[in-house]
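>>> generate a structure from the sequence data that follows.
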Amino acid sequence: MSYDNINFKHPNMTVIDGYFYMFDYTSFNALIQKVDDGTVAFSYPLDMNLGSQVKSLEFDGVYFWSLQNGPQAGYDLSIKKWKIENYICKIQEEFELIGDISNKYDSEAFTVEHYSTSFSEDTPTNSLYIPLVDYYDFIPIGSKVMLGPNSNDEYEEVTITGSLGGDKLGLNFFTSYDYEVGDTITYTPYIWLFNNYNGVNTVGALYKFDASDGSFIGMTTDNEYKNIKACTFNTISSNVNIGTVDALLYVKSTNLKFINPNDLSVYCVMTMDNLRKNSSTVITIYDLAIFGNTIYRLQHEGTYYGTDNSWSTYNYQISPIRNFIDSITIDAYPAILPNNAVNVSEITAIVKDQYTGPIYYKPVSFTDTDPVGFITINPVYTWIDGVATTYYKAGVIVLTVNIEAIVTQYD
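A predicted model of the protein is given here:
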């Protein structure tokens, strides 16, 4: 059993409302839409020839974004913005990052910083303001935001001129369509690129560009950002340790790092299972996407129940965002007791989640192999520090006693 699923031909992926998307430049020159068993749901032809492999694919709520090698020889890249219109995927803009004597571009991972909110009240045509559910104190003057789709599948781009107080932002011109409460408003300010160069030096850097015109804003140099193959951006709300945050996520070995885009500080780090059965060979993740509370990882192989599986295509593996039990360790003190049926040893189990944080209020059951000695309290629930403590009372036989702890998720 190979555990393949979407069977993508190329290493780029995004997920929208349960559908998987891939740019295919070889067979169809199209944006391919599939369901999770690999069946093609639709194929959107492109209005221009892709010409080369798409390395990474992102979706900001309105537009598809692609990363490719540039058309010129040397170290250059091309970032394209696409939109589906009348069942055709049409190019909207292209930003070329041209390598020269001061800059080299070599990247397989990029993402677009984007924020999604909605109308807080019905807004008619010819309005000079928009009411937002949130982010109304976050979007700066001069920013462009996308309104829609509305019930007629209509969109329009507007420019913010300032705050009108409360949740209302002023516009530079009248709106063209009617909008209802709950219709989407999208703000996409920046492009983030993990580059294997810092200028022309072989030190990694995280580059930041303006998403409206592709202009360079700045970069942060660090080998941490070198050889990154997969990243994405999303609003994370199901990790109890960090609450609701807007995060830049990227893969480093077996770690998925959640980064604050404002200062590049680390919210948290998730440990993933992208290892072969030898527990040392890292399985490459080629692209990332988030749908709901699940992270989808595009891989060429996967390990299931101690068996390595490799595929001729690319398929997704999943990592839940919500906190779940990932590890349990157990210790005893003292470790040696007299066989007098009186002395006790404190047994401590520590339960952690995939972020190496403590798991609270989970039942831990203990077992022992002593025919006379026994565990005094069983089961025990973990406290806020993830620790469950019980005691083992010694038996009367000289022997090695094995004590095991099992923790249950339940939810």
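>>> tell me the contacts of Leu298?
8, 11-13, 230, 285-289, 314-316 (C-beta atoms under 8 Å, 6 or more residues apart in numbering). Backbone N, C-alpha and C define where each C-beta goes, glycine included.
>>> now with 10 Å, please.
Residues near Leu298 by C-beta atoms under 10 Å, 6 or more residues apart in numbering: 6, 8, 10-14, 20, 22, 56-57, 229-230, 284-289, 314-317.
>>> now, of those, which are buried?
6, 8, 10-14, 20, 22, 56-57, 229-230, 285-289, 314-317 (16 or more other C-beta atoms under 10 Å).
>>> look up phi and psi at Val387.
In terms of degrees, to the nearest 10, the main-chain angles of Val387 are phi -100, psi 130.
>>> what sits against it?
Going by C-beta under 10 Å, 6+ apart, Val387 touches Thr348, Ala349, Ile350, Val351, Pro358, Tyr360, Val364, Val380.
>>> now do Glu85
So Glu85 contacts Tyr44, Asp47, Gln92, Tyr155 (C-beta under 10 Å, 6+ apart).
>>> hmm, back to that, lowest-confidence entry in the contacts of Val387?
Within the set of the contacts of Val387, pLDDT is lowest for Tyr360 (92).
>>> show me this structure divided up by domain.
Following automatic domain parsing, one gets these domains for the chain: 14-112+189-320, 120-182, 325-407.
>>> how about a markdown table for the ones you listed, with distance to Ser2 added?
Below are the domains of the chain laid out as a markdown table (distance: least, C-beta to C-beta, whole Å):
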| stretch | distance to Ser2 |
| --- | --- |
| domain 14-112+189-320 | 5 |
| domain 120-182 | 39 |
| domain 325-407 | 25 |
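>>> quick one: mean pLDDT for the longest strand along the chain?
With secondary structure taken from DSSP state E, the chain has its longest strand at strand 307-320. Across strand 307-320, the average pLDDT comes to 96.
>>> got the contact list for whichever helix or strand comes after that strand?
Following strand 307-320 in sequence order, the next helix or strand is strand 325-333 (DSSP states H and E). Residues from elsewhere that reach strand 325-333, judged by C-beta under 10 Å, 6+ apart: 270-271, 273, 345-357, 359, 362, 364, 366, 382, 386, 388, 391-392, 401, 403-410.
>>> filter these down to the buried ones and hand me the ChimeraX line.
In ChimeraX, a selection of the buried entries from the contacts of strand 325-333 looks like this (16+ other C-beta under 10 Å):
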select :270,271,345,347,348,349,350,351,352,353,354,355,357,359,362,364,366,382,386,388,391,392,401,403,405,407
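>>> list the strands paired with the helix or strand Tyr187 falls within, with their directions.
Assessed by DSSP H and E, Tyr187 sits inside strand 184-195. Applying DSSP bridges to the sheet, strand 184-195 is found paired with strand 109-118 (antiparallel), strand 144-147 (antiparallel), strand 205-210 (antiparallel).
>>> so the helix or strand containing Cys89 versus strand 184-195, what angle?
Under the criterion of DSSP H and E, Cys89 resides in strand 88-97. For strand 88-97 against strand 184-195, the angle by axes from the mean of the first three to the mean of the last three C-alpha atoms, to 10 degrees is 40 degrees.
>>> follow-up on the earlier one: next step: the buried ones among the contacts of Leu298 restricted to helices.
With helices taken from DSSP state H, there is no overlap with the buried ones among the contacts of Leu298.
>>> do you know the pLDDT at the residue lying farthest from the centre of the chain?
What lies farthest from the middle of the chain is Asn340; by C-alpha atoms, centre = their mean that is 55.0 Å. pLDDT, Asn340: 96.
>>> surely it is in contact with Ala394?
Yes - counting by C-beta atoms under 10 Å, Ala394 is a contact partner of Asn340 at 6.1 Å.
>>> the nearest residue to Tyr25 once chain neighbours are set aside and Tyr135, how far apart?
Leaving aside its chain neighbours, Tyr25 sits nearest to Leu50 (3.8 Å; criterion: C-beta to C-beta, 6 or more residues apart in numbering). Note on Leu50: its distance to Tyr135, by C-beta to C-beta, to the nearest Å, is 33 Å.
>>> so those two - more neighbours on which side?
Leu50 (20 against 16; other C-beta atoms under 10 Å).
>>> look up phi and psi at that one.
Residue torsions, per degrees, to the nearest 10, at Leu50 are phi -60, psi -50.
>>> doesn't Phe20 make contact with Asp36?
Yes - judged on C-beta under 10 Å, Asp36 makes contact with Phe20 at a distance of 6.8 Å.
>>> hey, what's in contact with both of the two?
By C-beta under 10 Å, 6+ apart, Asp36 and Phe20 have these common neighbours: Asn5, Ile6, Tyr296, Asn315, Tyr316.
>>> closest to Arg322 among these?
Arg322 lies nearest to Tyr296 out of those, by C-beta to C-beta, at 14.9 Å.
>>> how much space separates the closest one from Ile290?
In terms of C-beta to C-beta, Tyr296 sits 7 Å off from Ile290.
>>> need the overlap of contacts for these two.
With C-beta under 10 Å, 6+ apart, Tyr296 and Ile290 have common neighbours Thr14, Val15, Thr232, Ser319.
>>> of these, closest to Tyr105?
Thr232 (19.7 Å).
>>> ok, and the closest non-adjacent residue to that closest one?
Leu288 (4.3 Å).
>>> quick revisit: dump the strand holding Tyr187 to CSV, keeping only the CA atoms.
Output in CSV follows, covering the C-alpha atoms of strand 184-195 (Å, rounded to 0.1, in the frame of the first residue of the first chain):
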residue,chain,number,x,y,z
THR,A,184,-14.9,39.3,2.0
ILE,A,185,-12.3,42.1,2.1
THR,A,186,-8.7,41.0,1.4
TYR,A,187,-5.5,43.0,2.1
THR,A,188,-2.2,41.6,0.6
PRO,A,189,0.7,43.9,1.5
TYR,A,190,3.9,41.9,1.1
ILE,A,191,5.7,39.1,-0.7
TRP,A,192,8.3,37.1,1.4
LEU,A,193,11.1,35.2,-0.4
PHE,A,194,13.6,32.8,1.2
ASN,A,195,16.7,33.4,-0.8
